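Asker: Below is the sequence, then the predicted model.
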Amino acid sequence: MPTGGFRNSVHARRAVVWIAIVLALALAAAVRPAWAQDMQPLASISEAAITALGAGDAQSAEAVLAHSLRLPRCSQPLQAVATGPTTAQVRCDDQPGWRLYVPVRVRREADVVVLRTPAAAGVPITADQLVVQRRDIGAEGGATFVDPASLVGRVPSRAMGPGMVPTEDDLSLGAPLRRGDPVVLVSRTGGVEVRMPGRALGPAQAGGRIGVENTSSRRVLRGRLVAEGIVELLP
């Protein structure tokens with residue numbers, strides 16, 4: 001074969017290869033957007049999870065989703081429900097559909113009551129153990145306290161260290177009172193706390209109101225059972 005013909009044949013094969021590569025790249029560029037449009041946008045899943053947790057008013061809320069996650073686009077609005085303090089289930093009700101559990105990192109700051117010193121299980125909390133600090137409460141599983149007075153006298157159900165934020169879940173409800181049970185009456189006025197012996201004049205559950213008698217003065221008063229055997233007098 002003449003040299004010129006051989007070179008022409010090589011150039012022709014190279015041209016065919018380059019044309020094939022260009023066509024493949026062009027086809028990939030055309031197909032990729034169409035493929036991407038068939039996937040559910042991650043932003044919509046994130047928004048549904050955050051909304052379900054009621055975290056829209058938080059300082060920051062971020063759904064934890066893998067960037068590689070690929071789910072078919074839903075033909076109807078996504079449904080989402082909170083399954084825990086920081087987890088939501090997001091689902092597509094198409095047939096077939098899909099469902100996904102989405103963790104959400106929430107940051108919500110507030111002034112709350114914090115333990116300044118350790119609190120032992122079964123021992124009522126005192127005022128000098130408490131301090132108010134600015135904390136991130138987004139991950140707290142129970143209701144926090146904003147007023148130290150509302151926590152004084154409450155009984156921890158477990159030992160808690162300094163710096164912890166007590167919640168209702170950490171506190172014992174205590175045994176109910178029966179008529180005639182001895183109680184400690186707690187009166188708070190202008191930041192001063194006074195404790196007196198008393199007697200229950202009726203039954204009461206934790207947190208309930210009850211009539212009590214001051215056994216020293218024989219006065220009949222009204223109070224609220226805030227911890228086991230502790231009645232906080234009402235104004």
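Answerer: On my side now, so go ahead. Numbering: from 1, shown residues only.
Asker: Just the element for residue 199, please.
Answerer: In this assignment (DSSP states H and E), residue 199 forms part of strand 192-200.
Asker: What average pLDDT does that strand get?
Answerer: Averaged over strand 192-200, pLDDT sits at 92.
Asker: Just give the number of residues close to residue 177.
Answerer: Neighbourhood size, residue 177 [other Cβ atoms under 10 Å]: 24. Quick note: C-beta positions are derived from backbone N, CA and C, even for glycine.
Asker: Kindly state the beta-bridge partners for it.
Answerer: residue 204 (DSSP bridges).
Asker: That one contacts residue 207, correct?
Answerer: No: counting by Cβ atoms under 8 Å, residue 177 sits too far from residue 207 to count as a contact (11.5 Å).
Asker: returning to what we had before: who does the strand holding residue 199 pair with, and is each partner parallel or antiparallel?
Answerer: Partners of strand 192-200 in the sheet, by DSSP bridges, are strand 182-189 (antiparallel), strand 209-214 (antiparallel).
Asker: what would these look like in CSV with mean neighbour count?
Answerer: Shown next, in CSV, are the strands paired with strand 192-200 (neighbours: other Cβ atoms under 10 Å):
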stretch, mean neighbour count
strand 182-189, 17
strand 209-214, 18
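Asker: is it possible to export those strands to CSV including distance to residue 104 and mean pLDDT?
Answerer: Shown next, in CSV, are the strands paired with strand 192-200 (distance: least, Cβ to Cβ, whole Å; pLDDT from 0 to 100):
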stretch, distance to residue 104, mean pLDDT
strand 182-189, 39, 91
strand 209-214, 39, 93
